[in-house]
Each structure stands twice: as structure tokens, then as C-alpha cells.
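Chemist: Okay, sequence plus prediction incoming.
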Amino acid sequence: MAGLAKKANEEFVKAVELDPNYTDARFALIDYYTMAPGFLGGSEEEAQKQVAEIRKRVQDWMRNNKKTLVAAMFSVALLSVMLAGF
């Protein structure tokens, strides 16, 4: 079982190397690093690195998509009003 866990971790690392914006793989790495024992590569420090990378990408996305974000929030508010029957 340990061999499968290490192989899965290697594949997630490879996925992030191929696409640094692939947050699903980063979340999987966070899970792995926080749950695996140290001798299998578990590491709070490595998990925190992935958290920092996700945070950076979310902040970049928000900075670059403010108009889209505002439009989406307006659409949700308008839909809420419509559903409320006003």
C-alpha cells in the first residue's frame, strides 16, 4: 500500500510540474503531505508550500478578473432577488 501512495504522490508532483495552475493536483498534494507519515514523504512544510502556491494563484486570478468577479456577484444578487419574487 505504501508503494501506491508514493506513486500517487509522484504523479501529483508531475501534474503540478506540467501545469503549475492545476489546483486539484495541489490540493491532492496537500492531502498527501498532511496525512502521510514522514518516512513516506509526509511533511507539514511541503503542505504549506502548496497552500502558498494556491493562495498566490487565487490572488493573481482575482487581481486579473475583477470585472468578471463583480459581474458574477451582481448576477448572483440579481438572481436571488428574482427568486425571492420581487
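Modeler: Received the coordinates, thanks.
Chemist: C-alpha only now, for contacts and for neighbours.
Modeler: OK.
Chemist: Not counting sequence-adjacent ones, nearest residue to the residue sitting nearest the centre point of the chain?
Modeler: Per Cα atoms, centre = their mean, the C-alpha nearest to the average position across the chain is that of T23, at 3.6 Å. Closest residue to T23 apart from its sequence neighbours, by Cα to Cα, 6 or more residues apart in numbering: I54 at 6.6 Å.
Chemist: Please identify which helix or strand holds that neighbour.
Modeler: Using DSSP states H and E, I54 sits in helix 44-64.
Chemist: Show me what the mean pLDDT comes to for that helix.
Modeler: Mean pLDDT, helix 44-64: 91.
Chemist: The helix or strand just after it vs helix 44-64, what angle?
Modeler: Tracing the chain past helix 44-64, the next element assigned as helix or strand by DSSP H and E is helix 66-83. Helix 66-83 and helix 44-64 are oriented at 80 degrees to each other (axes from the mean of the first three to the mean of the last three Cα atoms, to 10 degrees).
Chemist: Mind exporting the C-alpha coordinates of helix 66-83 to CSV?
Modeler: The C-alpha coordinates for helix 66-83 follow below in CSV (Å, rounded to 0.1, in the frame of the first residue of the first chain):
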residue,chain,number,x,y,z
LYS,A,66,-12.0,41.9,-11.0
LYS,A,67,-14.6,42.8,-13.7
THR,A,68,-15.6,39.2,-14.1
LEU,A,69,-15.9,38.7,-10.4
VAL,A,70,-18.0,41.9,-9.9
ALA,A,71,-20.3,40.8,-12.8
ALA,A,72,-20.7,37.3,-11.3
MET,A,73,-21.5,38.8,-7.9
PHE,A,74,-24.1,41.1,-9.5
SER,A,75,-25.7,38.2,-11.4
VAL,A,76,-26.0,36.2,-8.2
ALA,A,77,-27.6,39.1,-6.4
LEU,A,78,-30.0,39.7,-9.2
LEU,A,79,-30.9,36.0,-9.4
SER,A,80,-31.5,36.0,-5.6
VAL,A,81,-33.9,38.9,-5.9
MET,A,82,-35.7,37.3,-8.8
LEU,A,83,-36.1,34.0,-7.0
